[in-house]
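**Student:** structure here, sequence nowhere to be found:
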DNA sequence: TTTAGCACTCAGTATGTAAGAGTGCTAACA
DNA sequence: TGTTAGCACTCTTACATACTGAGTGCTAAA
């Protein structure tokens, strides 16, 4: 059976009051915030009904009520009002991240910082993934008598560098030869296929040069490897210490989870349009049993590229936070698209 | 008046027992661990004496005793035995950090990770500072039709890159001109003097080229700026959650301090030979009132370059930790010296 | 369908008591 | 003179008991 309008209003009021105060809300105090006049007894009946449906629960018999996960879900999906975000705020946000928009990694790191300080939760962002990219160019630059740097550029717009060392003096001549051989063999090759074995066979195919060029090739392989992994930027974990709903044990579990980039990445990887809210158990991760995660994936051009997210207690101002995460994700996408389409 | 040998032994035993158990140590349990036979009453008298000298204190009248800051200081400076570190351990440590020894930033980041996981405290490291470095070379590499990358190499061995964008198509010709002009003007210039004003006047002096080259010069300035700051790598803050001596309030203060790189840097900047232990109030920082910091600065060649450190509760196994920090700092210095003297 | 009234439940707080650990002091001992 | 045994004293910790207040569910009347 569907919720009546009055029940919806009461559920929303409970959620909002609980978010605001952190105390279980009782029938009497709730009455005062409602925009229609009924007695506390009536409200009690309705609340009891909402409890039966699994939308509210009581910490103990004689306490007020608290939203359940399901209650939050209904609130977020159907009842919540989403306050817009003002133009001024948008400009402010953009002004904070713009200075680091010249480099994807710096940008996403900056975004995590901004997000953490704006929301007072822990913030995560992932740099654009380059798994399906191919090598666009490899540059070589001498850095000292016996060292040089390879700079790998990929179709995903990432750029990674690596220094290598030779046992002989590097001349411009040698560098030119290296450059020609490497680019000849590697342009258009997917970075994912640059395995140690591949590099070995490649070196072998170069005859006399094999030994000389191998350290350069190893450097290319290292850079390719690095270009594939999307880095995870984490910020504001400290903020979580301020929420009384998280005890020591709780915090440890969450922090431990946050320190495992690969799992974090997996959690954020599910595609979503605009914003996704993952409430407690929905994450299927015991560590996040009492937390909620707000994720938004960003795109470069029209290609899904990475994610930004915040993690905090289930009791948070969803409307406010979602707007901000959504806006920030759009901004990041726009800036990166511009950065990579510069050519 | 000096401490008698027996008093020294008792102080050391109290510190060690307290470090091991975390409980205030009483006269009776202490008796059992001493290597000479006296009654608990005698021990009580000596402990009372040590309390009068400010080396021990009681949480409350009827509790055992706990070392004071001064007590720890005496223990560390004069009583502590420092267990060596085995060759096997040394090899293990080196094997963990060697893979990232190709890049100073990666290396120091790896060191912080290793240190945190070895000690179970929060670990910090700073990358080599390049404040007094001069520009050794600037390389230019085209990265797309209208973008290129400047690579700045300094006498401190750091290498920073930055992408810049032009409003016109970049030809090899133009790049060659840029290269010549930039290197002509900038080689040997201290990075510290590359201010926006300096760059402006430099551009102005280039006549017709001024407008075209300005974005490249700005990129150089950005890279120079970045090469000066020593980055702070932080790891294992989570570990601090596991020490019962840190309460919520405590933790917040420490974490907040850890999140301010500049102050952290300042704390670690005081030169020291080998290892320095900063106990609680000695740091003159209220945030670290109950923590202790073990710092060791590393050198590149013979020049002091950066620091590695751990931060934890005052109750820690100093001997063990100091050995490890010291060894790691030596390893880092050796690896970086090698990396930078490759030419 | 709504409301007033009432009995009931339960967390939180205060109070009292008992146990236990450890001290300081005193007086006897080597 | 240094060392030890004994003892009274202090203070934390744990546990039991009683009280208070917020909030509920139910019933009966409007």
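**Tutor:** Right, received. Where do you want to start? A quick note: this is a predicted structure, and the numbers were derived from the prediction, not measured.

**Student:** wait, residue A:321 touches residue A:116, no?
**Tutor:** No. In this structure, residue A:321 is not within contact of residue A:116 by C-beta atoms under 8 Å, at 11.9 Å. Heads up, the C-betas are built off the backbone N, CA and C, glycines and all.

**Student:** find the nearest non-adjacent residue to whichever residue of the stretch 151-300 of chain A sits closest to DNA strand C, please.
**Tutor:** When distances are taken as C-beta to the nearest atom of the strand, the stretch 151-300 of chain A reaches nearest to DNA strand C at residue A:244, 11.6 Å away. Leaving aside its sequence neighbours, residue A:244 sits nearest to residue A:22 (C-beta to C-beta, 6 or more residues apart in numbering or on different chains; 7.3 Å).

**Student:** what's the neighbour count on that neighbour?
**Tutor:** Using other C-beta atoms under 10 Å in any protein chain shown, the number of residues around residue A:22 comes to 13.

**Student:** repeat that for residue A:266.
**Tutor:** There are 11 residues near residue A:266, going by other C-beta under 10 Å.

**Student:** cool, and residue A:163?
**Tutor:** By other C-beta under 10 Å, neighbour count at residue A:163 equals 18.

**Student:** assign a three-state SS to it, would you?
**Tutor:** Put simply, residue A:163 is strand when judged by DSSP: H, G, I helix; E, B strand; the rest coil.

**Student:** quick one: it and residue A:147 touch, right?
**Tutor:** Yes. Between residue A:163 and residue A:147 there is a contact at 5.7 Å, judged by C-beta under 8 Å.

**Student:** overlap of the contact sets of residue A:321 and residue A:116?
**Tutor:** Counting by C-beta atoms under 8 Å, 6 or more residues apart in numbering or on different chains, the contacts common to residue A:321 and residue A:116 are residue A:310.

**Student:** separation between the closest residue to residue A:57 other than its chain neighbours and residue A:53?
**Tutor:** In this structure, residue A:57 finds its nearest non-sequential neighbour in residue A:68, 5.1 Å apart by C-beta to C-beta, 6+ apart. For residue A:68, the distance to residue A:53 (C-beta to C-beta, to the nearest Å) stands at 9 Å.

**Student:** which one of these two is surrounded by more residues?
**Tutor:** Comparing residue A:68 with residue A:53 by neighbour count (other C-beta under 10 Å), the higher total belongs to residue A:68, at 19 against 15.

**Student:** do you know how far that one is from residue A:55?
**Tutor:** Distance from residue A:68 to residue A:55, by C-beta to C-beta: 6 Å.

**Student:** list the contacts for residue A:166?
**Tutor:** By C-beta under 8 Å, 6+ apart, the neighbours of residue A:166 are A:146-148, A:212, A:215-216.

**Student:** which ones, among those, also lie beside chain B?
**Tutor:** Subset of these in contact with chain B: A:146-147, counting by C-beta under 8 Å from any C-beta of the partner chain.

**Student:** just confirm residue A:141 is within a strand.
**Tutor:** Yes. Assigned with three-state DSSP, residue A:141 falls within a strand.

**Student:** gap between the residue nearest to residue A:72 when sequence neighbours are not counted and DNA strand D?
**Tutor:** Ranked by C-beta to C-beta, 6+ apart and with sequence neighbours excluded, the top spatial neighbour of residue A:72 is residue A:279, at 5.5 Å. Computed as C-beta to the nearest atom of the strand, to the nearest Å, the residue A:279 to DNA strand D distance reads 23 Å.

**Student:** which phi and psi does residue A:279 have?
**Tutor:** phi -100, psi 120 (degrees, to the nearest 10).

**Student:** interface residues of the stretch 151-300 of chain A facing chain B?
**Tutor:** A:151, A:153, A:159, A:161-165, A:222, A:237-238, A:241-242, A:248, A:251-252, A:255-256, A:259.

**Student:** can you say which of those residues are buried?
**Tutor:** A:151, A:153, A:159, A:161-165, A:222, A:237-238, A:241, A:251-252, A:255, A:259 (16 or more other C-beta atoms under 10 Å in any protein chain shown).

**Student:** just to revisit the earlier point, for the residue nearest to residue A:57, give me its contacts.
**Tutor:** A:54-57.

**Student:** which of these are buried, as a ChimeraX select command?
**Tutor:** Applying 16+ other C-beta under 10 Å to the contacts of residue A:68, the buried members can be selected in ChimeraX as follows:
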select /A:55,56,57
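
**Student:** local confidence estimate at residue A:337?
**Tutor:** Note for residue A:337: predicted pLDDT of 88.

**Student:** and the one helix or strand it maps to, how far out from the chain middle?
**Tutor:** Residue A:337 is part of helix A:318-340, with elements assigned from DSSP states H and E. Offset of helix A:318-340 from its chain centre (C-alpha atoms, centre = their mean, to the nearest Å): 11 Å.

**Student:** how about that helix: buried residues?
**Tutor:** Neighbour-count burial for helix A:318-340 flags A:318-319, A:321-329, A:331-333, A:335-337, A:339-340 (criterion: 16+ other C-beta under 10 Å).

**Student:** for that helix, packing partners?
**Tutor:** helix A:87-97, helix A:104-119, strand A:291-300, strand A:303-313 (3 or more C-beta pairs under 8 Å, 6 or more residues apart in numbering or on different chains; DSSP states H and E).

**Student:** what strand or helix carries residue A:252?
**Tutor:** Going by DSSP H and E, residue A:252 is part of helix A:248-258.

**Student:** how much space between residue A:206 and chain B?
**Tutor:** Distance of residue A:206 to chain B, given as C-beta to the nearest C-beta, to the nearest Å: 23 Å.

**Student:** again with residue A:32
**Tutor:** 33 Å.

**Student:** same check on residue A:11?
**Tutor:** 32 Å.

**Student:** same check on residue A:187?
**Tutor:** 14 Å.

**Student:** residues near the closest residue to that residue other than its chain neighbours, how many?
**Tutor:** Spatial nearest neighbour of residue A:187, excluding adjacent residues (C-beta to C-beta, 6+ apart): residue A:135 at 5.9 Å. Using other C-beta under 10 Å, residue A:135 has 24 other residues around it.

**Student:** how about the residues of chain A near DNA strand C?
**Tutor:** A:37-39, A:41-42, A:45, A:59-63 (C-beta under 7 Å from any atom of the strand).

**Student:** which one of these is nearest residue B:91?
**Tutor:** residue A:59 (54.7 Å; C-beta to C-beta).

**Student:** quick one: which of the contacts of residue A:68 is nearest to residue A:305?
**Tutor:** residue A:55 (36.9 Å).

**Student:** which residues sit in contact with the residue nearest to that closest one when sequence neighbours are not counted?
**Tutor:** Counting by C-beta to C-beta, 6+ apart, residue A:55 lies nearest to residue A:71, which is 3.9 Å off, once chain neighbours are set aside. Neighbouring residues of residue A:71 by C-beta under 8 Å, 6+ apart: A:11, A:14-15, A:50, A:54-56.

**Student:** in JSON lines, list the residues you listed along with distance to DNA strand D, secondary structure and pLDDT.
**Tutor:** As requested, those are arranged in JSON lines below (distance: C-beta to the nearest atom of the strand, whole Å; DSSP: H, G, I helix; E, B strand; the rest coil; pLDDT from 0 to 100):
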{"residue": "A:11", "distance to DNA strand D": "13", "secondary structure": "helix", "pLDDT": "96"}
{"residue": "A:14", "distance to DNA strand D": "9", "secondary structure": "helix", "pLDDT": "96"}
{"residue": "A:15", "distance to DNA strand D": "14", "secondary structure": "helix", "pLDDT": "97"}
{"residue": "A:50", "distance to DNA strand D": "10", "secondary structure": "helix", "pLDDT": "96"}
{"residue": "A:54", "distance to DNA strand D": "13", "secondary structure": "coil", "pLDDT": "95"}
{"residue": "A:55", "distance to DNA strand D": "13", "secondary structure": "coil", "pLDDT": "97"}
{"residue": "A:56", "distance to DNA strand D": "9", "secondary structure": "strand", "pLDDT": "97"}
